[in-house]
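Chemist: could you work out the structure for the sequence below:
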Amino acid sequence: MAPRIYIFSGPNEDPATLKPTAPNPTAPTKLSSSTSVRVHIRDFKGVPFPETDSKEYFSHPNHNTDLFAIHFFFTPPEDISGADLILANTFDRPIRDHLPYFFPAAWRCLQWVDPGIQGDCYSDKPEVFGSVLGSSNYLSVSPVEGAEVIEEDMPEDVPQTAGDRKKYFLDEKRRKEWVWKKGQAYAWDFCNGMMDFNEISVRIPGLGFKIDVFKYWDGQPLRFTLKNKTTGEIYGCVVIQPKEEEGMDVSETEESDIE
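Modeler: Below is the predicted model of the structure:
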């Protein structure tokens, strides 16, 4: 039976705080006092079914090869070091016994695509993360309210293209020098053409094939958690949950659906 994708989001990782979230919305979904998101999935076939399609976003020149994106709109509740604000994929249980034999090669390819990615997939509570400064595809310090697409917009003392900015902030000293300022609005776009949530597969650049992720899935959700690496404070969370059942209405989902 083909799996379906369910999307949830909320202020933290607690299943009780997460709510069904339709992708490809016209307006952001508020997660907390500091954070809102828009989730985009090309030709989404999961739940909740979106009221709008994905054509406008994915027809933009910045995104015509992308399959998935999360827009973050963030107003820091306090000053945060650039080295501390991260976007993390977190897991509650070990995944090491479910990783494919070729995972080390796939991990090297992912690090080639995103040199700032860090983490330990073999630990008891795995976490893979990157700094927002170095891993976000587009980042704006003066976002345009209501804009469908986030464009790169950085201060003059930082490289002006997204690629150069990501390379610039691979240097930890530069990340530490940057401050996400309390009360200032920021926006960024985390997107790629690797994650295909309709097929539940990952396309690995450099290896020339797709990985059927569902084949190795152990039942845990895929979480995208925005948090402070030093304090552990969470500002918002988006959850992607595959399910084998078909025909389930969103109103039937319980906390167990995302645990």
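Chemist: okay, CA-based contacts and neighbour counts for the rest of this
Modeler: OK.
Chemist: in stretch 181-189, which residues are buried?
Modeler: 181, 185-189 (16 or more other Cα atoms under 10 Å).
Chemist: need these in TSV with pLDDT, distance to Arg174 and secondary structure, can you?
Modeler: Converted to TSV, the buried residues of stretch 181-189 look like this (pLDDT from 0 to 100; distance: Cα to Cα, whole Å; DSSP: H, G, I helix; E, B strand; the rest coil):
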residue	pLDDT	distance to Arg174	secondary structure
Lys181	98	16	coil
Ala185	96	21	coil
Tyr186	97	18	strand
Ala187	97	20	strand
Trp188	97	19	strand
Asp189	96	21	strand
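Chemist: and those residues, which is closest to Pro20?
Modeler: Among the buried residues of stretch 181-189, Asp189 lies closest to Pro20 (Cα to Cα), at 20.8 Å.
Chemist: thought the closest one was touching Phe72?
Modeler: Yes: Asp189 is in contact with Phe72 according to Cα atoms under 8 Å; the separation is 6.4 Å.
Chemist: which helix is the longest one in the protein?
Modeler: helix 103-113 (DSSP state H).
Chemist: re earlier: list just the nearest of the buried residues of stretch 181-189 to Pro100.
Modeler: For the buried residues of stretch 181-189, the nearest to Pro100 is Asp189 (29.1 Å; Cα to Cα).
Chemist: the stretch 51-200 of the chain: strands as residue ranges?
Modeler: 68-74, 80-81, 85-90, 118-120, 127-131, 138-140, 179-180, 186-192, 195-196 (DSSP state E, counting those that start in this stretch).
Chemist: just want the angle from the third one to strand 127-131.
Modeler: Pointing back at strand 85-90 there. Orientation check (axes from the mean of the first three to the mean of the last three Cα atoms, to 10 degrees): strand 85-90 against strand 127-131 gives 160 degrees.
Chemist: what strands line up against strand 85-90, and which way round?
Modeler: Applying DSSP bridges to the sheet, strand 85-90 is found paired with strand 127-131 (antiparallel), strand 222-228 (antiparallel).
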